[in-house]
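Student: Need a 3D model of the following:
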Amino acid sequence: MGGNYFNKKLKALKRRKLPLGLTLLMLMIVGLVAYAGSMTKDRVAVDPKTFHPLLQLIAEAESDGNYNAYFSNAGNTTIDLTSMTIGEVLAWQKDFIKQGNPSDAAGRYQIISPTLKSLIKEMNLNQKQKFDQPMQDQMAMTLIERRGAADFINDKLSREEFAAQLAKEWAALPKVLGENPQESYYASDGLNKSLISISEVLAVIDKVGPPKVAT
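Tutor: Take a look at the predicted model:
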């Protein structure tokens, strides 16, 4: 969709001999459609493989890299979350909160139950699927994409803006922008604090990019 599409529509409108005002309005609409089509066509896709350094940093900050970690217990070895189904994890989280715990964050990327429920819909998951290591990694990558990875590599977000969006997802990351940029976005809740430096976050964000073109 582009110049040829626009020219064809222009000729068709001229043949119809519409009132000048209506013709101009329709040309404007056609032009916007053509422009949007060309922008979509030129948009670069993200290579999920380039998320790996960012995933490693997030996991280090959130859970010490432990797929079985849960809130306040990064070193957990007794509860095997990776052997549970997604539905079982949701049930475990509900019970964990009932026990008086302030957060139900679970897994390597400390996913809370509202986020997990949203991922089930977004990723079209079955609750009988395992909350295993590959699933947790895929969920984290989906959250990175949700927070603007494609916009970042297409120059719609700066690296700092992208980092700030990620900090809204993971409380152990610094918020980067605004007052006290080294602090967690959720520092005021009394539960969370930033555990990673701004420079570390920006360094791994710089590795996020499109697929490499074979030469």
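
Student: Please measure how far the first residue of stretch 45-58 sits from its last one.
Tutor: End-to-end distance for stretch 45-58: 22 Å, by CA to CA, to the nearest Å.

Student: Domain map for the chain?
Tutor: 3-42, 48-205 (automatic domain parsing).

Student: Low-confidence ranges, this structure, go.
Tutor: 1-41, 214-215 (pLDDT under 70).

Student: can we see that at 80?
Tutor: The chain contains residues with pLDDT under 80 at 1-42, 213-215.

Student: Where do the helices of it begin and end?
Tutor: For the chain, the helices defined by DSSP state H occupy 3-16, 20-42, 52-63, 86-98, 113-122, 133-146, 149-153, 159-169, 198-205.

Student: And the shortest one, what does it pack against?
Tutor: Counting contacts by 3 or more CB pairs under 8 Å, 6 or more residues apart in numbering; DSSP states H and E, helix 149-153 packs against helix 159-169. All C-beta atoms are positioned from the backbone trio N, CA, C, and that covers glycine.

Student: what does the last one give?
Tutor: Secondary structure elements in contact with helix 198-205, counted by 3+ CB pairs under 8 Å, 6+ apart, are helix 52-63, helix 159-169.

Student: list the buried ones in the first one?
Tutor: Of all the residues in helix 52-63, those buried under the rule 16 or more other CB atoms under 10 Å are 54, 55, 57, 58, 59, 61, 62, 63.

Student: So which residues make contact with it?
Tutor: For helix 52-63, the surrounding residues in contact (CB atoms under 8 Å, 6 or more residues apart in numbering) are 65, 69, 74, 105, 107-110, 137, 140-141, 144, 166, 170, 172-173, 195-196, 200-201, 204-205, 207-208.

Student: how about 6 Å then?
Tutor: 65, 69, 74, 108-110, 140, 170, 172, 195-196, 204, 207 (CB atoms under 6 Å, 6 or more residues apart in numbering).

Student: out of these, which one sits closest to residue 124?
Tutor: Minimum distance to residue 124 across these is 17.1 Å, recorded for residue 140 (CB to CB).

Student: Skipping adjacent residues, who's closest to that closest one in space?
Tutor: Nearest residue to residue 140, sequence neighbours excluded (CB to CB, 6 or more residues apart in numbering): residue 109, at 4.3 Å.

Student: what number of residues lie near that neighbour?
Tutor: 24 (other CB atoms under 10 Å).

Student: Surely it and residue 141 touch.
Tutor: No. Using CB atoms under 6 Å, residue 109 makes no contact with residue 141, being 9.7 Å away.

Student: end-to-end on stretch 57-70?
Tutor: First residue to last in stretch 57-70 (CA to CA) measures 17 Å.

Student: can you put the buried residues of helix 52-63 in a markdown table and add distance to residue 99?
Tutor: Below are the buried residues of helix 52-63 laid out as a markdown table (distance: CB to CB, whole Å):
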| residue | distance to residue 99 |
| --- | --- |
| 54 | 33 |
| 55 | 30 |
| 57 | 31 |
| 58 | 27 |
| 59 | 25 |
| 61 | 25 |
| 62 | 21 |
| 63 | 20 |
